[in-house]
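just to be clear, the model below is a prediction. Sequence and coordinates:
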Amino acid sequence: MLSIGIVGLPNVGKSTLFKALTKKEVEIANYPFATIDPNVGVVQVPDERLKKLAEVSKSAQIIPTAIEFVDIAGLVKGAAEGEGLGNQFLHNIREVNAILYLVRAFEGTDIQHVSGSVDPARDIEIVREELALKDLETIEKRIEKIQGEAQSGNKELQEDLEILKHFVEILNSGKHIIDTAIGTPGVPIAGKNEREGELLQELQLLTSKPAIYIFNAKKESEISPRITTTGVTPTPVVVMDVREELDGGDLSSEERKELSLGESKLNELIKVAYKILDLVTFFTSGEKETRAWTVAGGAKAPQAAGVIHTDFQKEFIRAEVVSWDKFVEIGGWARSREAGVLRTEGKDYIVQDGDVLVILHAK
Ligand SMILES: Nc1nc2c(ncn2[C@@H]2O[C@H](COP(=O)(O)OP(=O)(O)OP(=O)(O)O)[C@@H](O)[C@H]2O)c(=O)[nH]1
Ligand SMILES: [Mg+2]
């Protein structure tokens, strides 16, 4: 399953956001380092298309796809040298697919700020630097491990060594790996050699993961002048009042209006995550269930079949495809077939967002 790690300074609202997303009971407290062990929770990905498809197919069940969120301890300046809780816990997010930076932009002296003042640009730099230091640690370890053999003539390891030194250079220049061409989401090696991509996969460097910045603030106008100084655009930025997201979590749209709360931004956040991860949603729909599935952008029909069942990928014959809006407009499988909008696609078909599929397989 796809997963996203939440990082940031202590006491900025990470666990509050986690709870708003996952509805899990976790410790939220007005003091730094309230979270020590990671919280892990699963969130269903909202998709308004599911209900419409299920109505047409008279499905007994709707099954959305899900994303996992990981809420970890707060980082402080110097964590790599052991300040605060240190940065050892960063390994808890080693395997996530994307990183969500939560940055405090809300004012108020009642909530402690570990740096003594509200300054999103400074805080982003602190956290980015700690992640870079963690990656440098990981890279140095690998360099130590292979240096001997590389020096005694192993050509492959010599190439690795060069790539690793290049990563070190990027990080030492204040950049994250994702900020450079090699880290394009979904295309980890853009223009570079294959080995570079493999090493990034193996080492799972934190700074090579796609990122989203969330500014925890009431409204955009509170922070936009400062966002421009962070230097992290064009990374997507979402502004949301995290505490309000939690407090208003159970309210309907109407109730939110009555209380003059804006619309919830949680869905927007999840959509942004899908975008940076370059993911595509496709559907299966029948009487038993209507279900959403996720594949990487550019995935072909057999890969999509493999998400449903590994055997389906091996035994893939062809797929019947119709876009979700046509499926709903025309009224289901039988009518789509009659109307001639149902297409038969082979193993080279690239699955499009919103496709409704039937996989024909040999088993
Ligand atoms: N005013 C205000 N307070 C908030 C907001 N979000 C969180 N808080 C408060 O900030 C404090 C810290 O919230 P947590 O969610 O525990 O913060 P955390 O980032 O998980 O902190 P650590 O686990 O210690 O790193 C709590 O008292 C929250 O109620 C917000 O949007 N506005
Ligand atoms: Mg916490």
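Thanks, I have the structure now. Ligands and ions are numbered 1, 2, ... in the order given.

assumed Lys51 was part of a helix.
Yes. Under DSSP: H, G, I helix; E, B strand; the rest coil, Lys51 sits within a helix.

excluding chain neighbours, what is closest to it?
Of all residues beyond its chain neighbours, the one nearest Lys51 is Ile62 (6.8 Å), with distances taken as C-beta to C-beta, 6 or more residues apart in numbering. From N, CA and C alone the C-beta is placed, and that goes for glycine too.

let me know the secondary structure of that neighbour.
Applying three-state DSSP: Ile62 is strand.

and it, what's its pLDDT?
We note a pLDDT of 97 for Ile62 in this prediction.

around ligand 2, which positions in this protein sit nearby?
Contact residues (C-beta under 5 Å from the ion) of the chain with ligand 2: Lys14, Ser15, Ala34, Thr35.

just give me the neighbour total for the third one.
What it means is Ala34. 16 (other C-beta atoms under 10 Å).

how much space between the nearest residue to it once chain neighbours are set aside and Lys77?
Leaving aside its sequence neighbours, Ala34 sits nearest to Glu27 (C-beta to C-beta, 6+ apart; 5.1 Å). Distance of Glu27 to Lys77, given as C-beta to C-beta, to the nearest Å: 23 Å.

pick out whichever of the two has more residues nearby.
Set side by side, Glu27 and Lys77 show more neighbours around Lys77, with 18 against 12, by other C-beta under 10 Å.

give me phi/psi at the more buried one?
Main-chain dihedrals, Lys77, degrees, to the nearest 10: phi -60, psi 130.

excluding chain neighbours, what is closest to it?
Ile126 is the one closest to Lys77 (C-beta to C-beta, 6+ apart), at 4.8 Å.

pretty sure Ala305 contacts Leu360?
No. Ala305 is beyond contact range of Leu360, at 9.2 Å (criterion: C-beta atoms under 8 Å).

between those two, which one's more packed in?
Ala305 (26 against 13).

and that one, which helix or strand is it part of?
helix 301-308 (DSSP states H and E).

just the C-alpha atoms of that helix, please, in PDB.
C-alpha atoms of helix 301-308 as PDB (Å, rounded to 0.1, in the frame of the first residue of the first chain):
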ATOM      1  CA  ALA A 301      -3.200  -3.200 -18.700                       C
ATOM      2  CA  PRO A 302      -1.400  -6.300 -17.500                       C
ATOM      3  CA  GLN A 303       0.100  -4.400 -14.600                       C
ATOM      4  CA  ALA A 304      -3.400  -3.100 -13.600                       C
ATOM      5  CA  ALA A 305      -4.600  -6.700 -13.800                       C
ATOM      6  CA  GLY A 306      -1.700  -7.600 -11.500                       C
ATOM      7  CA  VAL A 307      -2.900  -5.200  -8.900                       C
ATOM      8  CA  ILE A 308      -6.200  -7.000  -8.700                       C
END
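
and the stretch 101-250 of the chain, which of its residues are near ligand 1?
If contact is defined as C-beta under 6 Å from any ligand atom, the residues of the stretch 101-250 of the chain in contact with ligand 1 are Phe106, Gly108, Ile111, Asn216, Asp241, Val242, Arg243.

alright, I will stop here.
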